[in-house]
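Engineer: structural data only, the sequence is not supplied:
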Ligand code: HEM
């Protein structure tokens, strides 16, 4: 026997779950919860969040599951509640709705009809049978189906019960059932089954950087796995037979029932330089049947094999081979040393006693950049009307393509010292034009979340970095300092009448400035000035030293050229700028973080294609549900259910009308029928 | 209507069609047949399907809402005339009189912009002066603006092919182009309700949202030079774009309209402009109708988007910010529809909800592109 309290409790739960107010709350809460994941970037590596949020908030956010909100327990709980609520609604309403579809409600009583908001009464003179016939004729003409309850004398007058548009009720069932179906499909394809296996300890994410065949079975999923969505990057001429499922704190490996080989990855460009297509020529080799076939996947054109869809998702470098020149930035050596490397590989580099590892991380053949003025700056001045008249008669074609152009190959590498500290470099192979002069540009950063800061090595008259390097080597060569100082002094104090002692003093101090600068750049020079010059004189002294340094460096450059067997440069503004920029670049070298600059001389590009592979059996449920949803919605919105009752009493017809939605259309239709019936029953 | 009152027979829809309806349908069939013959070889099977469905849809639209039988042929004729003036050369845009001052895409769009702003002013005058004549003129201006906007889009479509055969694409591919579409669709929805409810006062509220879109468009053009036709990135090279985007904008347009009617509702219920605005019941009804059609189309658009995502990104749902915000908008209006069914919650609450809905919608439509990054790449400011 059920206890009453139990009954009323389950009754209350049932009432709550199927209540409309709960439905509204759930929809609103779900919408608000969904916002979180669009504001906070989802599924980034945990270390990124740590850096961004700091340890306290990192932990707090992690506990709330905010890094993967849409799979967090509480989010799924809201979804489950919504599904339950809809389920209960359907369960509760369906019998009602089906009855509504079938029934004509021909047992309505006169009292209840008189209670309707929409009702009217007409006097009639005709016999009951004739009236009923006239009324049913009218209703049929208006597209209503009807049922006649013949009268049983005074106590029970004849009733014509009519209705149309009952299918709107079916729309209700379709719509709400569709939501449940779609959610179920999504649940199958989502990684909920995976999460469950993880929770139960059957699977464990791997966080080490292992070759795929070394990953233990507890972190692998077999080809029998029902649904997955993973990705893999294959270099040209390489193969893959697994994909990686990236999870926040690591990854899982999904074994595939086939192997994919990448023959070629292609990028095509429009005339303007923007990418036009990404295509991968692949070979699929079946493990079971040993058959192989070829195909091409491109964006928007996946290949589907054995229920697994293969998509073009991304691309990258697959191990381009780079030939480089290594320049020793802080040494008196003017010649570079050869250095070879491959993207995604690391090599050793020795500099005196110091040992370094060079890890080449990326190579890009094209870099389209907006080097000139941006479009917004290029907008011509002028008032609104001038601008408007310029737009008139424009075929929208003069795209500002002239602002963008390809600045050539770039490459990225990390130099790690013996302590494991790494700095990252981002260099361009070709000289870059900046404000009309060319530079070889190299960017450096100490941490991955910092922006690159760029050093500009001024290009020489041949567009190379040799000229700068020559000058730099001469400056760092202490033995050259006296000669540079002598030439400088000769230039500064021409003639023979000059006091020899004064000249010797100048040579001496110039040598000192050179030596100090070569030791630590401007900062070292500033320190020297602070310690040796009276406070009041410091600014002036700095100015003088800077001038001396520039002029001395000009001489150093001439000396370097002489030694290399080149013509001296004219003492013009362009040379002066070259010298000044060299000075800045040498100064920057002290902060470059690595003693070498690797200059790319030659490359052989090897691309890799990023493919995404998915198996999503829930898709059919989702699509099927979607069709039902749309059909249901249109049925609910555009089929209007209306009922008419006509109670035929001796001498009077009572007309009542109802609808399941209150709209103006219904009001209008009611008035129309009211008027029509008045006319009909009069004649 | 006459017939109904006579013998009280409701005539079936097909039988209610007149000669002009059939002539209109014949025109569309011949026109699309001709297009088919001309370009059939360049279309894949989906595009052929889309052409066929579009023709059928426009026939239906014209039969259902008669003014379409005039608007669409006028737009087609003038667009064809504009296109014919190009003689296959883009430079003619600045040389031919007709192109320079009327039909080159940019010129037409400038006309559209100017006319929508004029119509906005007109409706406010009409409201202030209680002048039905002024309102009627404003409606005429709105119709002309809409025609110019459509012509602008058609001609732009053609121009994109003149730039390069591989550049050519339907002008629904970036924020600039969809803002034009948004203005047009919102205006058409409004014009429909204006006619259906025999009420022109709502124009003073709906047209400002179109003017706002126009203001954005002008800023985008003059401030950002965004009007240039750009080739499509690979992800957008898909027939899905042709159906996903318009469906979405019926949703956005309808929701914006509902919100603006909501504003009118709130004002009237607080006693402002009370004697000039339509009855609260009418405003409520328009809101409901707009949100219903918007919800239906937004649902379709989201489903189409999911199918496209499944083809382009490898999953029909990735919780990408744009997708998620579409869901948020959708849930918001699902809630609205249910609130309307609860006795005691209707009235001002629904109007407020619709107004807030506009903020949510604008964020989904613009804010996501401005502030959030994701897989949707078509429009950053
Ligand atoms: C994502 C979830 C949901 C969607 C998209 C949805 C959609 C709809 C739509 C479009 C309507 C028609 C509104 C109208 O004609 O004005 C409707 C009606 C209705 N919904 Fe929902 N609904 C959802 C969830 C729920 C839930 C959880 C309940 C349970 C309380 C519910 C109960 C109802 C009821 C009782 C009606 C009225 C049916 C009628 O009177 O014909 N719905 N729903």
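Structural biologist: Yep, that arrived. All values reported here derive from a predicted model rather than from experimental measurement.

Engineer: flag the shaky bits of chain A, pLDDT-wise.
Structural biologist: For chain A, residues meeting the criterion pLDDT under 70 lie at A:1-7, A:248, A:370-385, A:387-388, A:390-391, A:393, A:395-404, A:494-498, A:683.

Engineer: and if we set it to 50?
Structural biologist: Scanning chain A for pLDDT under 50 picks out the ranges A:1-4, A:372-380, A:400-401.

Engineer: in terms of secondary structure, what does the helix ranked longest in it contact?
Structural biologist: Determined from DSSP state H, the single longest helix within chain A is helix A:500-532. Helices and strands touching helix A:500-532, as assessed by 3 or more Cβ pairs under 8 Å, 6 or more residues apart in numbering or on different chains; DSSP states H and E, comprise helix A:466-476, helix A:481-492, helix A:538-563, helix A:573-589. Bear in mind the C-beta positions are built from the backbone N, C-alpha and C, glycine included.

Engineer: pull out the buried residues from that helix.
Structural biologist: A:506-507, A:510-514, A:516-518, A:521-522, A:524-525, A:528-529 (16 or more other Cβ atoms under 10 Å in any protein chain shown).

Engineer: and for stretch A:101-114?
Structural biologist: Neighbour counts using 16+ other Cβ under 10 Å place A:104-105, A:108, A:113 of stretch A:101-114 among the buried residues.

Engineer: list just the nearest of these to the ligand.
Structural biologist: Nearest to the ligand out of those is residue A:105 (Cβ to the nearest ligand atom; 15.8 Å).

Engineer: now do the SS call for the closest one.
Structural biologist: Three-state assignment for residue A:105 (DSSP: H, G, I helix; E, B strand; the rest coil): coil.

Engineer: excluding covalently adjacent residues, which one is nearest to it?
Structural biologist: Here the nearest residue to residue A:105 in space, its sequence neighbours aside, is residue A:161; by Cβ to Cβ, 6 or more residues apart in numbering or on different chains that works out to 5.7 Å.

Engineer: okay, and the beta partners of the one you found?
Structural biologist: Here residue A:161 sits in beta bridges with residue A:147, residue A:645, going by DSSP bridges.

Engineer: give me the number of residues near it?
Structural biologist: Around residue A:161 sit 22 other residues, with neighbours defined as other Cβ atoms under 10 Å in any protein chain shown.

Engineer: any residue of the helix or strand harbouring residue A:622 touching chain B?
Structural biologist: Per DSSP states H and E: residue A:622 is located in helix A:619-638. Yes: for a cut-off given as Cβ under 8 Å from any Cβ of the partner chain, helix A:619-638 has contacts with chain B, namely A:619, A:622-623, A:626, A:629-630, A:633-634, A:637.

Engineer: and the contacts of that helix?
Structural biologist: A:167-168, A:170-182, A:184-186, A:188-189, B:292-293, B:295-296, B:299-300, B:303, B:306-307, B:310, B:316 (Cβ atoms under 8 Å, 6 or more residues apart in numbering or on different chains).

Engineer: quick one: contacts for residue 65?
Structural biologist: Here I'm looking at chain A. Per Cβ under 8 Å, 6+ apart, neighbours of residue A:65: A:71-75.

Engineer: please refer instead to chain B.
Structural biologist: Counting by Cβ under 8 Å, 6+ apart, residue B:65 touches B:192, B:195.

Engineer: is residue A:339 bridged to anything, and to what?
Structural biologist: In this entry, residue A:339 is beta-bridged to residue A:324, by DSSP bridges.

Engineer: which residues touch the residue in the stretch 301-450 of chain A that the ligand sits nearest to?
Structural biologist: Going by Cβ to the nearest ligand atom, the ligand is nearest to residue A:309 of the stretch 301-450 of chain A, at 27.6 Å. Residue A:309 sits next to A:302-303, A:613-616, B:314 when contact means Cβ under 8 Å, 6+ apart.

Engineer: please apply the same query to residue A:422.
Structural biologist: For residue A:422, the contact set (Cβ under 8 Å, 6+ apart) comprises A:359, A:414-416.

Engineer: ok, so of those residues, who is nearest residue A:559?
Structural biologist: Distance to residue A:559 across the contacts of residue A:422 (Cβ to Cβ) is lowest for residue A:415, with 31.2 Å.

Engineer: what's the neighbour count on the closest one?
Structural biologist: By other Cβ under 10 Å, neighbour count at residue A:415 equals 21.

Engineer: tell me, what residue is most central in chain B?
Structural biologist: Nearest to the mean C-alpha position of chain B, by Cα atoms, centre = their mean, lies residue B:185 at 1.6 Å.

Engineer: rewinding a little: from the buried residues of helix A:500-532, pick the one nearest residue B:180.
Structural biologist: Comparing the buried residues of helix A:500-532 against residue B:180 with Cβ to Cβ places residue A:522 closest, at 55.9 Å.

Engineer: how near is the closest one to residue A:586?
Structural biologist: 10 Å (Cβ to Cβ, to the nearest Å).

Engineer: same deal with residue B:333?
Structural biologist: Taking Cβ to Cβ, one finds residue B:333 at 65 Å from residue A:586.

Engineer: same question, residue A:667
Structural biologist: The spacing between residue A:667 and residue A:586, counted by Cβ to Cβ, is 87 Å.

Engineer: kindly report the same for residue A:560.
Structural biologist: Applying Cβ to Cβ, the value for residue A:560 to residue A:586 is 13 Å.

Engineer: tell me the contacts of residue B:53?
Structural biologist: Under the criterion of Cβ under 8 Å, 6+ apart, the contact list for residue B:53 is empty.

Engineer: element containing it?
Structural biologist: Element membership of residue B:53, judged by DSSP H and E, is helix B:45-64.

Engineer: same check on residue A:267?
Structural biologist: strand A:250-269.

Engineer: with residue A:362 instead?
Structural biologist: Going by DSSP H and E, residue A:362 is part of strand A:354-364.

Engineer: what sits up against that strand?
Structural biologist: With Cβ under 8 Å, 6+ apart, strand A:354-364 has contacts from A:316-317, A:320, A:322, A:339, A:341-350, A:409-418, A:422, A:424, A:594-596, A:598, A:603, A:605.

Engineer: am I right that residue A:310 is in a strand?
Structural biologist: Yes: Residue A:310 sits within a strand when classified using three-state DSSP.

Engineer: if I look at it, how far off is residue A:240?
Structural biologist: 11 Å.

Engineer: again, but for residue B:234
Structural biologist: Relative to residue A:240, and taking Cβ to Cβ, residue B:234 is found at 22 Å.

Engineer: so where's the stretch 251-381 of chain B shaky on pLDDT?
Structural biologist: In the stretch 251-381 of chain B (pLDDT under 50), the answer is B:377-381.

Engineer: enumerate the residues of it near the ligand.
Structural biologist: B:334, B:337-338, B:340-341 (Cβ under 6 Å from any ligand atom).

Engineer: how about a cut-off of 8 Å?
Structural biologist: When proximity is defined as Cβ under 8 Å from any ligand atom, the stretch 251-381 of chain B approaches the ligand at B:288, B:292, B:295, B:299, B:330-331, B:334, B:337-338, B:340-341.

Engineer: filter the residues you listed down to the ones in strands?
Structural biologist: Among these, DSSP state E puts none in strands.

Engineer: in helices, which of the residues you listed appear?
Structural biologist: Mapping these onto helices (DSSP H) picks out B:288, B:292, B:295, B:299, B:330-331, B:334, B:337-338.

Engineer: from those residues, which two are the most distant?
Structural biologist: Pairwise distances across these (Cβ to Cβ) peak at 17.9 Å, for the pair B:288 and B:331.

Engineer: ranges for the helices of chain B?
Structural biologist: Assigned by DSSP H, the helices in chain B fall at B:2-7, B:19-39, B:45-64, B:68-84, B:97-98, B:105-129, B:132-163, B:175-196, B:203-224, B:240-269, B:280-312, B:321-339, B:348-362, B:368-371.

Engineer: any chance of those helices in CSV, plus distance to residue A:122?
Structural biologist: Below are those laid out as CSV (distance: least, Cβ to Cβ, whole Å):
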stretch, distance to residue A:122
helix B:2-7, 17
helix B:19-39, 37
helix B:45-64, 34
helix B:68-84, 40
helix B:97-98, 63
helix B:105-129, 42
helix B:132-163, 37
helix B:175-196, 30
helix B:203-224, 41
helix B:240-269, 36
helix B:280-312, 26
helix B:321-339, 37
helix B:348-362, 37
helix B:368-371, 59
